[in-house]
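Student: The sequence and its predicted three-dimensional model are supplied below.
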Amino acid sequence: VIRSIVTGTGSYLPEKILTNSDLAKMVDTSDDWIVQRTGIQQRHVAAEGQVTSDLAVEAALRALESAGRKADDIDTIILATATPDNTFPATSVSVQARLGINHGFAFDVHAVCSGFVYALTTADAYIRSGMSKRCLVIGAETFSRILDWNDRTTCVLFGDGAGAVVVEASEGEGNTADKGVLTSHLRSDGRHKDKLFVDGGPSSTQTVGYLRMEGKEVFKHAVGMITDVIEDAYSATGLTSEDLTWFIPHQANKRIIDASAKKLKIAPEKVVTTVQMHGNTSAASIPLALDLAVRDGRVKKDDLIMLEAMGGGFTWGSVLLRW
Ligand code: ACO
């Protein structure tokens, strides 16, 4: 069996930090309100002129370094973003050019907050089919550019950042059946498309638009959708919450994360949480959290890790992997 093994991780956060107190000077909000409802204390914001591909390249270089690979070793780049540099070309080809890769192929995946789970699942399918050998999978976002900074119900929730992983086909030596990506489960349901969306676009308004959200509606659906795709992963593998070493969910909101973990009976000490420092970085949140947990020594060889996300569309999904 060919398996997709994560061989390196990297991430990047823009230097500028916006705290809740900074936001309280911009809109009618407070540190207390934001922390109580979301757990968020601060978020990073891209500098003027710093675009999504800039963040993505930094994260990619760090992931390559940690995998011990040169850019030239990569044959496939899959970049998840809802905030591309331009309508086209895909942001991934800018990354490809900046890394000096001129073979293979690169494309973007658009599933908003679920983007990284979708991109990793896609890379896994390409690897297992034999079409790709070494993929760079990136989640990168500059949500600060699509926020209505006068709308307190949304502007306090999001941040900018990027995370990346190198995923490689197992060499086939020894038994790799229980390594790397074990199972993935993707879902979407477009009936919910108006609950979380951007009110602009090239074909509709010819503007970029701003993020709009029915927060309560998103919250209402989030926990059920998340737990469904995780239970799908358990059914497919016979594994359970007991077997998990780490739960690395999309970082939208501490209340959603806590409620999901509780419903799934995942012990709080197994949950990796970065939302307090990063806010919701959409497709970047999982690889950012994963990279942090790898670099601080939490994630170790043979650990069983559940990744999960839910976001605009709605889209949602899970990836279970053995480190
Ligand atoms: N500061 C102060 N007051 C605020 C703020 C703010 N930033 N935002 C809203 N309020 C006010 C509202 O106007 C409302 O006032 P009112 O009662 O006078 O009308 C009051 O606070 C309560 O607002 P609610 O919307 O009912 O607050 P709720 O408890 O639902 O929390 C929140 C809002 C945090 C957005 C919550 O609904 C939520 O977490 N939803 C999930 C959305 C999410 O995480 N989306 C991320 C994108 S999707 C994803 O990544 C999964």
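Tutor: Yep, it's here. Keep in mind the model is a prediction, meaning the values are calculated, not measured.
Student: Next, give phi and psi for Asp85.
Tutor: phi -60, psi -50 (degrees, to the nearest 10).
Student: Give me the pLDDT for the residue nearest in space to the middle of the chain.
Tutor: In the chain, the C-alpha nearest the mean C-alpha coordinate belongs to Ala283, at 3.3 Å (C-alpha atoms, centre = their mean). Ala283 carries a pLDDT score of 98 in this model.
Student: these two touch, right, it and Pro84?
Tutor: No - using C-beta atoms under 8 Å, Ala283 makes no contact with Pro84, being 11.0 Å away. Placement of C-beta: from N, CA and C, glycine included.
Student: For Ser285, what is the enclosing helix or strand?
Tutor: Per DSSP states H and E, Ser285 falls inside helix 285-295.
Student: so which strand or helix has Gly163?
Tutor: Using DSSP H and E, Gly163 sits within strand 160-169.
Student: Count the neighbours of the residue nearest to Ile305 when sequence neighbours are not counted for me.
Tutor: If the residues on either side of it in the chain are set aside, Ile305 comes closest to Trp246, at 4.7 Å by C-beta to C-beta, 6 or more residues apart in numbering. If you count neighbours by other C-beta atoms under 10 Å, Trp246 ends up with 22.
Student: show me what contacts Trp246?
Tutor: With contact set as C-beta atoms under 8 Å, 6 or more residues apart in numbering, Trp246 has these partners: 270-272, 293, 298-299, 303-306.
Student: Which ones among those residues lie within helices?
Tutor: Judged by DSSP state H, the contacts of Trp246 include Ala293 as members of helices.
Student: could you pick out which of the contacts of Trp246 are near the ligand?
Tutor: Among the contacts of Trp246, no residue sits close to the ligand (C-beta under 6 Å from any ligand atom).
Student: Top of the contacts of Trp246 by number of neighbours, please.
Tutor: Met306 (26 neighbours).
Student: Please look at that one and Ile248 and confirm they touch.
Tutor: Yes - here Met306 reaches Ile248: they are 7.0 Å apart, a contact under C-beta under 8 Å.
Student: rewinding a little: could you check the distance from the residue nearest to the centre of the chain over to the ligand?
Tutor: 10 Å (C-beta to the nearest ligand atom, to the nearest Å).
Student: Helix, strand, or coil at the closest residue to that residue other than its chain neighbours?
Tutor: What sits nearest to Ala283 in space, not counting adjacent residues and going by C-beta to C-beta, 6+ apart, is Gly115, at 3.1 Å. Gly115 falls in the helix class when you classify it by DSSP: H, G, I helix; E, B strand; the rest coil.
Student: residue ranges of the strands in the stretch 101-250 of the chain, please?
Tutor: Counting by DSSP state E, counting those that start in this stretch, the stretch 101-250 of the chain has strands at residues 105-109, 134-142, 160-169, 180-188, 196-198, 211-213, 246-249.
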